[in-house]
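>>> What follows is a predicted structure for the sequence shown.
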Amino acid sequence: MVTQKYCLALDLNDDPVLIAEYKEYHEKIWPEITASIVDSGIENLDIYCVANRLFMIIEANETFTFERKGEMDANNPVVQKWEELMWKYQKALPGAKEGEKWMMMDKIFDLHENSKASTFLR
């Protein structure tokens, strides 16, 4: 059961050939990568792309934490190989710390929260 939702962003190197290669890798990700995602408690993961900007939505159950996922990934040589390969295509966002990839986005609008407020104010 999904209990948590996270949205993250990352850039790709602004090169049409590299962007196309990155997308090809994600059409058929390695089965070990899929297993590592599911085993961490992530129940759904979508990645969207516009130009060279990526947007990831993670929906996870109560067992998921970024710390646990990080530990699992650090101890998985296939995930480490995948991450090293993906870094060829990825570029840190402005303001990212050294080595930081995906950055958490802040939610600034929620339709359901705002629709309740606007109904109340009428």
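In hand now; what should we look at?
>>> which stretches of the protein aren't confidently modelled?
Applying pLDDT under 70 to the chain flags the ranges 116-122.
>>> Going by residue numbers, what spans are strands in it?
Per DSSP state E, the chain carries strands over the ranges 4-12, 42-50, 53-60, 90-91, 103-104.
>>> residue contacts, the closest residue to Asn61 other than its chain neighbours?
Distances taken as C-beta to C-beta, 6 or more residues apart in numbering put Gly41 closest to Asn61, at 4.9 Å, once the chain neighbours are dropped. Yep, even glycine has a C-beta here, placed from its N, CA and C like the rest. Applying C-beta atoms under 8 Å, 6 or more residues apart in numbering, we find Gly41 in contact with 60-65, 68-69.
>>> let's see 7 Å
Going by C-beta atoms under 7 Å, 6 or more residues apart in numbering, Gly41 touches 60-61, 63-64.
>>> Need the strands of the chain in TSV (columns: mean neighbour count and distance to Leu111).
Output for those, formatted as TSV (neighbours: other C-beta atoms under 10 Å; distance: least, C-beta to C-beta, whole Å):
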stretch	mean neighbour count	distance to Leu111
strand 4-12	16	14
strand 42-50	13	18
strand 53-60	17	15
strand 90-91	17	31
strand 103-104	12	21
